[in-house]
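S.K.: 3D, please:
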Amino acid sequence: MTSTFSLLARRLRPLIGAAALALAALPAAAQTPIKLVLNWKYEGPQAWFFLAQDRGYFKQEGLDVSIDQGEGSAASIPKVAAGTYQAGFGDMNALIDLASKRPADAPVGVYMLYNTPPFAVVVRSDSPIKTPKDLEGKTIGGPANDGALKLFPAFAKLAKIDAAKVTISNMAPNLREQMLVRGQIDGAFGYVTTVSFSARGMGLDPAKDLRFIRYGDHGMDLYANTVFFSRSFVQEKPQAVAGFVKALNRAVKDVIANPEAGIDAVMKREPLLKREVEKDKLLATLKNDMSHPEIARIGLGDVDDERLKKAIGIVAEANQLPRQPEVGEVFDRRFLPARAERPSSTVAP
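M.R.: Okay, here's the model as predicted:
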């Protein structure tokens, strides 16, 4: 009996080996490709995107996600609208602007990250500019795709600034703080956290050397950066969108619980970054840009419809947009994980 079994095993061995080789040659389960463009160069506050990639959260949802650096919070919107990318991370207000003008092309927000307005005009602490009205007759600079610059017409209208009396100067992003410190511009457009850390890199103390005129302190309680997808991708691959949002939400919770792990993922992409600076930048973003009181009620990732409706009205009126998009045109909450699965706070437990 034993010899018969051995003989059978020897005869089957080549067939088993061939079958194993054939199985190994089969392609892996198809993964849906998603190209994501970020708001800016790789940095600490993008940690969740990289962690979701490194921990296989995207792959577990059947997604093959590639992540590219961006050129400004407003610049990612047209790139997704043009079809160059399927997904992006950028300014909700620039998205509202495009949705008003070209509704068929505008992307759709699916996960709100920056729920507290970070937009500001930054001046030196010794500047005579102390109120928004003081900006008249001055030169304010910023990168062309900066979110605060794009929103300045709306801010000017709300704060009763004569925008025609303000000179706007554009420069490369890496020159903004240098030009401000040297007095080549009177003020700079930017995000509070971004400018603060750029200033620190120049040896300045933002708390002592700079003054921030925040849009949110003057009636502009706007949302800022959201994750969004192209309208066609949302319609054609809703399961992929839901999977992406689920994976991202997992990574956001991981980073809140363990910021060091998030910074590990960032440093893998840009080893020359200063780790402690990027960690501080991440923690400042969690505290300053993602901590609106509403998340205790609706959870991170979602929006308050009435607040967003008001924000749409502000942006549409101030920029004289052809129409006011509906809330559902610019944000689709269908893909959000259940409320209990999303963070109620961005402070580590």
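
S.K.: okay, CA-based contacts and neighbour counts for the rest of this
M.R.: Will do.

S.K.: domain parsing for this protein?
M.R.: The record's domain parsing of the chain by automatic domain parsing lists 32-116+223-341, 119-218.

S.K.: what average pLDDT does the first one get?
M.R.: Taken as a whole, domain 32-116+223-341 has a mean pLDDT of 97.

S.K.: how far away is Ala74 from Phe89?
M.R.: Using CA to CA, to the nearest Å, we find Ala74 at a distance of 9 Å from Phe89.

S.K.: re earlier: how about a markdown table for the domains of the chain, with mean neighbour count and distance to Ala348 added?
M.R.: Written out in a markdown table, the entries for those read as follows (neighbours: other CA atoms under 10 Å; distance: least, CA to CA, whole Å):
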| stretch | mean neighbour count | distance to Ala348 |
| --- | --- | --- |
| domain 32-116+223-341 | 20 | 5 |
| domain 119-218 | 18 | 19 |
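
S.K.: tabulate those domains (a markdown table), appending distance to Val347.
M.R.: A markdown table is the format used below for these (distance: least, CA to CA, whole Å):
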| stretch | distance to Val347 |
| --- | --- |
| domain 32-116+223-341 | 7 |
| domain 119-218 | 17 |
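
S.K.: ok, back up a step: need the overlap of contacts for Ala74 and Phe89.
M.R.: Among the neighbours of Ala74, those also in contact with Phe89 (CA atoms under 8 Å, 6 or more residues apart in numbering) are Asn39.

S.K.: from Ala81, how far out is Asp105?
M.R.: Separation of Asp105 from Ala81 (CA to CA): 5 Å.

S.K.: who touches both of these two?
M.R.: Ser230.

S.K.: the stretch 151-300 of the chain: helices as residue ranges?
M.R.: Assigned helices in the stretch 151-300 of the chain, in chain order: 152-158, 176-182, 192-201, 206-209, 231-236, 238-257, 259-269, 275-288, 295-298 (criterion: DSSP state H, counting those that start in this stretch).

S.K.: tell me which of those approaches Ile168 most closely.
M.R.: helix 152-158 (10.0 Å; CA to CA).

S.K.: hang on, the earlier thing: turn the helices of the stretch 151-300 of the chain into JSON lines, columns for distance to Val315.
M.R.: Listed next are the helices of the stretch 151-300 of the chain as JSON lines, based on distance: least, CA to CA, whole Å:
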{"stretch": "helix 152-158", "distance to Val315": "6"}
{"stretch": "helix 176-182", "distance to Val315": "25"}
{"stretch": "helix 192-201", "distance to Val315": "20"}
{"stretch": "helix 206-209", "distance to Val315": "29"}
{"stretch": "helix 231-236", "distance to Val315": "21"}
{"stretch": "helix 238-257", "distance to Val315": "27"}
{"stretch": "helix 259-269", "distance to Val315": "33"}
{"stretch": "helix 275-288", "distance to Val315": "22"}
{"stretch": "helix 295-298", "distance to Val315": "23"}
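
S.K.: if Val37 is in a bridge, with which residues?
M.R.: Here Val37 sits in beta bridges with Asp68, Gly88, going by DSSP bridges.

S.K.: so what's it up against?
M.R.: Taking CA under 8 Å, 6+ apart, we find Val37 in contact with Ile67, Asp68, Gln69, Gly70, Ser76, Tyr85, Ala87, Gly88, Phe89.

S.K.: 10 Å - rerun?
M.R.: Val37 makes contact with 66-71, 75-77, 79-80, 84-90, 227 under the criterion CA atoms under 10 Å, 6 or more residues apart in numbering.

S.K.: kindly report the same for Val195.
M.R.: Residues touching Val195, when contacts are defined by CA under 10 Å, 6+ apart, comprise Ala120, Val121, Val122, Arg176, Glu177, Ala188, Phe189, Gly201, Pro206, Leu210, Phe212.

S.K.: same question for Asp105.
M.R.: Pro78, Val80, Ala81, Ala82, Gly83, Leu98, Ala99, Ser230, Arg231, Ser232.
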